[in-house]
Each structure stands twice: as C-alpha cells, then as structure tokens.
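**Q** Just need the structure, nothing else, for what follows:
(one chain, ligands or ions: 2)
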Amino acid sequence: MTSDSTAASALRPRRVLIDCDPGIDDALALIYLAGLHAQGDIELLGVTTTAGNTSTAQTALNATWVLEQCGFSDEHIPVAAGVEVPLEVELVTTPETHGATGLGYATASGVSPGGEWRELWERALAGGEVDLIITGPCTNLATWLREGHEFADFASVTVMGGAVLYPGNTTPTAEWNFWVDPHAADEVFRAATPGHRITLCPLNVTEQMLIGPGEAEQLIDALGDVPIAATLPEILRFYWEFHRSVGVGYTAQIHDLLTCMIALDQVKYSAYPASLRVEADSELTRGTTLAFRGEQLGGEPTVRVLERADVTSAKKRFYETAAFLD
Ligand code: BDR
Ligand code: CA
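**A** Numbering: from 1, shown residues only. Ligands and ions are numbered 1, 2, ... in the order given. Sure thing, here's the model as predicted:
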C-alpha cells in the first residue's frame, strides 16, 4: 500500500456492520450507530439480526423500526434477519428482560425488513474493509465460518458476551448471549487466529454502562424532535423495572452500546491478550467463558479481552452523537 492510499483510507469513515438482537440495549446501540452515520464518522452498511432476546424475525422488525424512528429507512441502512435458531440447542428468548416483543412497553410497527443476511455481508465485504460488531448470540458469524468463510474477511470483529471469572447474568457463571448459543460462541473463538483484531467485551465491564432516568433525560434532550425520543421512556421503563427486580436498582445496563463504542475506539479502554473457550456441552456450565491469558493455552493469544472502559466519557459521547440525528 502506498502512503497516498494509506492517507486515503485513514480519511475514509470506518465501514460497519452490526449483528444484533434488539433488545433494549441493542436498540440504544442502533441509535448511537445511526448518530455516527449521520455525523459521517462511520458508514453503517447494514444491520443483521440473530435470535436471542426475541426471535430473529422480531429482532429484524425491531431494528428496522428503531432505524426508521431515527430517520433511516431500509433503503438507507438495510436490515436482514439472520439464522433463526442456535446451532445445536433449542432457542430460548427473554421476554422478562426485554418485553414481549423485545422493546419493553413499546411495539415496532409499520415497517417490514427485507433482504438476505449473507447477501448483505457479501455486498458489504465486496466494497472494502468492514468492522463487524456482534451484540447478540454469535450464531450468524459461526454459520458464516462453517460455510467456509474466514475471520480475515473482516478488518475487526468485536463481540459482546461472556463473563470472565465473574458472576453471570443467566446462570452463576454464564452471560446471556453465550448461554443462548454456546456452540456458536465456542466455534467463533476457536476459529480466531493471532494477528486479527478480535475483541471480547464481557459482562465484567459492559454492566458498568448504566443508563437510568437521569441519563435518559439527557439523551432525550439531545435527540430533540427525532421520533424515537418520544418512545424511549416506554422502552427504557421496562428495562429499569427489570433491573430493579434483579437487585441492580432503577437503572439499566447498556452492554451493547458500550461494545459499539469500544469497537470503534470512541472511548478510552484497556484490554488484555488471551485465547478463549466457551463451554457448550455441559448443562450446568453451559455458556461459561474461559479466558486463557497470554500463551496459557499453548499458542499465541488470539483475542483482546476488554478489562476497563471510561463509561463516564462514553455516556457524554452518546448524547453528543445522538444530537446529530436531530
Ligand atoms: C446481553 O444479553 C442481552 O440480553 C443484551 O442485549 C446483551 O447483548 C447482556 O448479557
Ligand atoms: Ca443484545
């Protein structure tokens, strides 16, 4: 690559795909990415969805609706539903956490997602470097790899999932995304090779990104007349009530938003090198994530594991970015 082309690619906004399962914190991640896209900081090439918080058809409907409520129709930012069920286990969804249709007390309507997820990924990759962010179960990426593609297709892959030597939010040791499709998570990290930028954002850090009523007010102010602002209280109230019911308090952990910020280097953070395995075959420890630091697993580490992030700046950055949608 010549120095001229290096300069040209440095100026080009990062090209981003998100694979998600909205889901309330995924919905906030979409608002943030839509804001970065409006600002010209990234090119949001598309959104694909997985089954997790709710079914894949519903997550696609929710993603399409959230983007439309932020001013982007399917023509501007395409959405496609991905694989319908986990690789090897039955699908379990979580209406108690995210509401009957995944958006708390709100319901997506008046939109219909189209498109095919593989075509969306292929089209995006054909146009240049792509950063892939996964904020749901890893089912789509694991399927993509099973079909003969490689990690190297992506400039970077950032995954929200796992609890590393830390209490889980689904079982004593497992985090939800990895518990829903443990085989997919394990296959993805077994396929990871040194030299690629692959980052895990585990619960240990993402649960520090708290958005309660005070933060929501700042977000809604920043959004101004953007239609999603009117529904956010109904979306978030459900999540606050859920978090209160599990002892966190009247606030909500917005894992997926922080993950997007880490993926795109929008906040200060630190990460350590490791290789990962996810327990898939034991019922009791299903979804448990093991991070082998450095060369503990015998070879070079393949992944960076998020250890710390500046969540105060992250919230500020979120409001500033949301304001670009107005
Ligand atoms: C993860 O689980 C889902 O419920 C959230 O959307 C997030 O991606 C947190 O464990
Ligand atoms: Ca999610």
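**Q** With just CA atoms, put the helix or strand harbouring residue 289 into CSV.
**A** Here residue 289 sits within strand 289-293, counting by DSSP states H and E. Backbone C-alpha positions of strand 289-293 (Å, rounded to 0.1, in the frame of the first residue of the first chain) are rendered in CSV as follows:
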residue,chain,number,x,y,z
THR,A,289,-16.3,-18.4,29.3
LEU,A,290,-12.7,-19.2,29.9
ALA,A,291,-10.0,-16.7,29.1
PHE,A,292,-6.5,-18.1,28.9
ARG,A,293,-4.2,-15.1,29.4
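**Q** what's around the residue in the stretch 201-326 of the chain that ligand 2 sits nearest to, how many residues?
**A** Going by C-beta to the ion, ligand 2 is nearest to residue 256 of the stretch 201-326 of the chain, at 4.8 Å. Bear in mind the C-beta positions are built from the backbone N, C-alpha and C, glycine included. The burial count assigned to residue 256 is 29, neighbours taken as other C-beta atoms under 10 Å.
**Q** Check the one 5 residues further on too.
**A** Applying other C-beta under 10 Å, we find 26 other residues in the vicinity of residue 261.
**Q** ok, it - contacts?
**A** Residue 261 makes contacts with 32, 267, 309, 314, 317, 318, as judged by C-beta atoms under 8 Å, 6 or more residues apart in numbering.
**Q** out of those residues, which are inside strands?
**A** residue 309 (DSSP state E).
**Q** Report the helix or strand with the lowest average pLDDT across the chain.
**A** Sorted by mean pLDDT, DSSP states H and E, the helices and strands of the chain end with helix 3-11, the least confident at a mean of 45.
**Q** Establish whether the very next helix or strand once past that one and ligand 2 are in contact.
**A** As assigned by DSSP H and E, the chain's next helix or strand after helix 3-11 is strand 14-20. No - counting by C-beta under 5 Å from the ion, ligand 2 is not contacted by strand 14-20; separation bottoms out at 5.7 Å.
**Q** Which neighbours in the sheet does strand 14-20 have, and how are they oriented?
**A** strand 42-49 (parallel), strand 131-134 (parallel) (DSSP bridges).
**Q** Do any residues in the shortest one lie close to ligand 1?
**A** No - Strand 131-134 stays out of contact with ligand 1 when judged by C-beta under 6 Å from any ligand atom, the minimum separation being 9.1 Å.
**Q** got a list of contacts for that strand?
**A** Identification of contacts with strand 131-134 by C-beta under 8 Å, 6+ apart yields 14-20, 29, 140-141, 154-161, 259-260, 263-264.
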